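Q: Fold the following for me, if possible:
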Amino acid sequence: MALSKPDVQNTYPDLFVIAQHYLVCDTEDCEKNCQFYCNECHQPMCEHCRDEHQKSPDTKNHEVVPYRQREIQLPVEKCKDHPTKDIDMLCEDCQVPVCSKCATQDHQKHTLKDLEKIYSEKFTLCLEKIYNIYQFFIPNSQDMLKDIEEHAKDIKEIMGNIRRSIKNENESLKCLMENVTSYKIEQANKMEESLIEELQSQRTKYKDYISYLGDIASEFHGYLSNPKLHNNPIILSLPDHPTIKPIPETTKPVPPVFTAGQYSKEDVTKLLGRVTVPDTKPESRKIKPMETASTQYNTHNYTLYLMGFLLLVFLLISGLDIDNHTWKQNDEKSGVKLMLSLSSSVTKVRKYIVPDVDSVLHISLGKSGRLWVSGDKDNLFQIDPEGNRRKQIQSSVGFGYHTVTQDGDLIYTDEKNNVITRITQDETITELIKTGDWNPTCIHASHINGDILVGMVKDEAAKVTRYSKTGKEIQNIQRNNNGQGLYSHPYYITENINGDICISDFNKRAVVVVNKSGQHRFSYTGQNPKFHPFGICTDLLGHILVSDGKTVHLLDQDGQFLSLLLTPKSLIKNPIGLCVDDENNLHVGHWNTNTVTVYKYLQ
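A: This next block holds a predicted model:
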């Protein structure tokens with residue numbers, strides 16, 4: 001019995017819908033949001049179609065459950081030997097999937113089992129493995145990597161201290177050597193002084209003796225020069241004169257001798273101390289224990305959670321462009337992302353007041369759900385999730401002129417002085433970037449790789465510049481492939497989950513989107529000629545949300561218009577600043593009011 005090629009494309013069509021915008025009812029001509037699932041028919045359906053399904057005599061006893069609690073469907077695969085029959089059993093003796101006709105013809109006395117049950121069990125087991133990989137093995141390995149990075153920093157710091165200690169020892173030894181050298185030179189000077197003094201004494205002794213000899217010689221010359229013999233001293237008195245004094249005896253000085261010190265490299269090494277590794281058993285890195293899924297999830301939610309991870313694998317296999325940076329960012333959010341879809345309606349969650357402003361022009365998401373909010377005055381306010389003001393700093397005035405980094409640092413532009421300033425969480429203020437003669441108008445800190453994206457203008461020109469997190473210029477984006485300028489005046493800037501750079505260009509009346517390489521992908525010019533875009537942001541599903549002062553436009557990742565998310569009919573007034581928080585709620589700031597309204601549009 002041979003197997004035909006399975007219909008893989010239609011095996012899990014609903015899974016791929018999850019990664020798009022929202023699930024659609026599978027009933028013909030019905031395009032409402034899917035909320036339920038018939039396990040017998042394997043059909044997703046909306047609330048209205050569910051009611052009709054349960055009223056029908058043929059299907060009223062079917063098990064219809066919430067979509068997230070649906071059963072796993074066995075893939076449809078036809079038997080190659082009996083093309084009209086589906087493969088739905090497993091022959092345990094032959095370990096071959098078979099259809100009902102194969103079972104009666106070729107496997108009569110063999111043990112047959114329900115393939116759907118086996119498939120469901122194996123499917124769940126596979127998902128459990130995937131779950132464990134993403135919830136246990138990868139997080140633990142990432143923790144190990146972080147631990148290693150921390151230890152690498154510690155080692156560098158420790159070795160830096162050791163090097164400083166060695167240099168300090170060297171300086172101490174140098175100082176000691178200087179002192180000893182000075183002392184020995186002083187001793188040599190004293191020795192020289194003593195020897196010279198002794199030689200000077202000998203010199204004086206011989207000078208005196210030579211003088212004495214001169215006097216004696218003169219006396220004898222006087223005797224010789226006397227011509228008379230009467231009373232001549234040479235005849236009468238010479239024997240009585242004293243004899244000449246002997247030459248004084250002196251000794252030659254013994255000069256000192258320098259004996260070089262007896263030392264070796266090892267001796268100097270000992271003087272400078274030693275660097276050793278303590279004889280201590282290395283401590284094993286801690287691995288968090290694996291918790292069983294049953295303690296955290298019920299069966300249906302657990303299965304669906306794991307199916308989300310399987311979808312990620314499917315997407316990767318199908319060639320989805322996910323680079324390393326995107327993978328790191330979405331790894332911990334992927335489970336949530338794959339469970340999200342557009343809600344059938346937008347719900348107002350709450351609202352809060354930003355004090356001391358007349359309008360709310362821009363909102364930046366910070367750490368722990370806190371937001372940085374700016375208005376039409378030169379102040380920035382930090383607001384907690386309850387709407388309470390936590391901090392206030394003086395800044396410049398603008399539209400999308402501030403952002404928050406992955407580390408929680410606030411970065412904002414100063415268009416008047418052409419500088420970009422960073423304020424760390426410990427409130428250290430540094431001038432991060434100088435933009436020269438370009439005026440920075442908007443800024444966004446990437447949560448994919450930490451880069452800083454800045455929209456700028458100069459005279460009639462405009463561009464986007466990418467900087468590293470340390471402020472080094474990496475990339476300039478200004479023109480399309482035809483040499484035409486991409487931008488006129490960037491008001492707001494953000495980044496999508498695929499690395500696309502999205503600019504809200506008020507003067508150009510367009511949302512201009514380029515990929516991470518700077519290639520123009522598309523421009524969105526609204527649904528009417530009076531479109532003037534303001535605040536812009538993206539969400540976990542890659543949606544682009546942009547306000548135009550009247551409503552909020554919802555686009556997909558490729559710029560296709562999906563809907564007007566908020567309209568005047570929903571009592572929204574003058575929406576300007578937009579931001580999606582960690583709970584996937586949309587914060588909307590308004591013109592001419594200091595109120596921020598929070599909406600839920602994903603489920």
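
Q: What separation is there between the residue sitting furthest away from the middle of the chain and Y223?
A: Largest separation from the mean C-alpha position in the chain: H230, at 128.4 Å (Cα atoms, centre = their mean). Separation of H230 from Y223 (Cβ to Cβ, to the nearest Å): 14 Å. From N, CA and C alone the C-beta is placed, and that goes for glycine too.

Q: does the residue farthest from the centre of the chain sit in a helix, a strand or a coil?
A: With DSSP: H, G, I helix; E, B strand; the rest coil as the basis, H230 sits in coil.

Q: G483 now?
A: coil.

Q: Residue ranges in the stretch 101-250 of the chain under the pLDDT threshold?
A: Applying pLDDT under 70 to the stretch 101-250 of the chain flags residues 233-242.

Q: Tell me where it has helices.
A: Under the criterion DSSP state H, counting those that start in this stretch, helices of the stretch 101-250 of the chain are mapped to 115-132, 138-224, 233-236.

Q: pLDDT wise, what is R274 at?
A: R274 carries a pLDDT value of 78.

Q: Validate this expectation: it resides in a strand.
A: No - under three-state DSSP, R274 sits outside any strand and is assigned coil.

Q: any idea how far V580 is from it?
A: Distance from R274 to V580, by Cβ to Cβ: 58 Å.

Q: N168 too?
A: 54 Å.

Q: So the two - more neighbours on which side?
A: When N168 and V580 are compared for neighbours, V580 comes out ahead with 20 against 12, by other Cβ atoms under 10 Å.

Q: Just give the closest residue to that one, not the sequence neighbours.
A: Excluding the flanking residues, the one nearest V580 by Cβ to Cβ, 6 or more residues apart in numbering is D539, at 4.8 Å.

Q: How about the contacts made by the one you found?
A: Contacts of D539 were listed using Cβ atoms under 8 Å, 6 or more residues apart in numbering, and they are L545, V580, N584, L602.

Q: Tell me the one among these nearest to H532.
A: L545 (15.7 Å; Cβ to Cβ).

Q: And Y37, its phi and psi?
A: phi -150, psi 130 (degrees, to the nearest 10).

Q: Dig out what it forms beta bridges with.
A: P44, V65 (DSSP bridges).

Q: Just to check, it is in contact with C46?
A: No - in this structure Y37 lies outside contact range of C46 using Cβ atoms under 8 Å: 10.9 Å.

Q: what about these two, which has more around it?
A: A side-by-side neighbour count of Y37 and C46, using other Cβ under 10 Å, places Y37 first with 24 against 21.

Q: Show the contacting residues for the more buried one.
A: Counted by Cβ under 8 Å, 6+ apart, Y37 has contacts Q43, P44, M45, V64, V65, P66, Y67, Q69, R70.

Q: Tabulate these in JSON lines, adding columns for distance to I443 and neighbour count.
A: Formatted as JSON lines, those follow (distance: Cβ to Cβ, whole Å; neighbours: other Cβ atoms under 10 Å):
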{"residue": "Q43", "distance to I443": "48", "neighbour count": "21"}
{"residue": "P44", "distance to I443": "43", "neighbour count": "23"}
{"residue": "M45", "distance to I443": "46", "neighbour count": "24"}
{"residue": "V64", "distance to I443": "50", "neighbour count": "20"}
{"residue": "V65", "distance to I443": "47", "neighbour count": "14"}
{"residue": "P66", "distance to I443": "43", "neighbour count": "11"}
{"residue": "Y67", "distance to I443": "40", "neighbour count": "17"}
{"residue": "Q69", "distance to I443": "44", "neighbour count": "16"}
{"residue": "R70", "distance to I443": "44", "neighbour count": "22"}
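
Q: and the residue nearest to S446 when sequence neighbours are not counted, how many residues sit next to it?
A: Once flanking residues are discounted, S446 sits nearest to E495: 5.3 Å by Cβ to Cβ, 6+ apart. Residues near E495, counting by other Cβ under 10 Å, number 20.

Q: what bridges to E495?
A: I501.

Q: and it, what does it touch?
A: Contacts of E495 by Cβ under 8 Å, 6+ apart are H444, S446, H447, I448, L453, I501, C502, T538.

Q: The last one and S504 touch, don't they?
A: No - counting by Cβ under 8 Å, T538 does not reach S504; the two are 11.8 Å apart.

Q: and the strand or helix carrying Y412, which strands flank it?
A: Take DSSP states H and E as the rule and Y412 turns out to sit in strand 410-414. Neighbouring strands of strand 410-414 in its sheet, by DSSP bridges, are strand 402-404 (antiparallel), strand 419-423 (antiparallel).

Q: Reformat the ones you listed as a markdown table; add mean pLDDT.
A: Output for these, formatted as a markdown table (pLDDT from 0 to 100):
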| stretch | mean pLDDT |
| --- | --- |
| strand 402-404 | 93 |
| strand 419-423 | 93 |
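
Q: Go through these and pick out the most buried.
A: strand 402-404 (a mean of 25; mean count of other Cβ atoms under 10 Å).

Q: my guess is I87 meets S100, correct?
A: No - the pair I87 and S100 does not pass the contact test of Cβ under 8 Å, sitting 9.3 Å apart.

Q: quick one, which of these two is more surrounded?
A: Between I87 and S100, counted using other Cβ under 10 Å, the more crowded position is I87 (24 against 15).

Q: quick check, the more buried one in a strand?
A: Yes - assignment of I87 by three-state DSSP places it within a strand.

Q: OK, contacts around it?
A: Applying Cβ under 8 Å, 6+ apart, one finds that I87 lies in contact with L3, E77, K78, C79, P97, V98, C99, L115.

Q: again with H543
A: H21, L554, L555, D556, Q557, L562.

Q: beta partners for the nearest residue to the third one once chain neighbours are set aside?
A: Translated: L555. Spatial nearest neighbour of L555, excluding adjacent residues (Cβ to Cβ, 6+ apart): I544 at 4.2 Å. Beta-bridge partners recorded for I544 (DSSP bridges): T538, L555.

Q: just checking, I544 touches P533?
A: No - shown here, I544 and P533 do not form a contact pair, counting by Cβ under 8 Å, at 10.4 Å.

Q: list the residues that contact both of the two?
A: Joint contacts of I544 and P533 (Cβ under 8 Å, 6+ apart) are V511.

Q: pretty sure I162 contacts V275?
A: Yes - the criterion here is Cβ under 8 Å, and I162 meets it with V275 at 5.8 Å.
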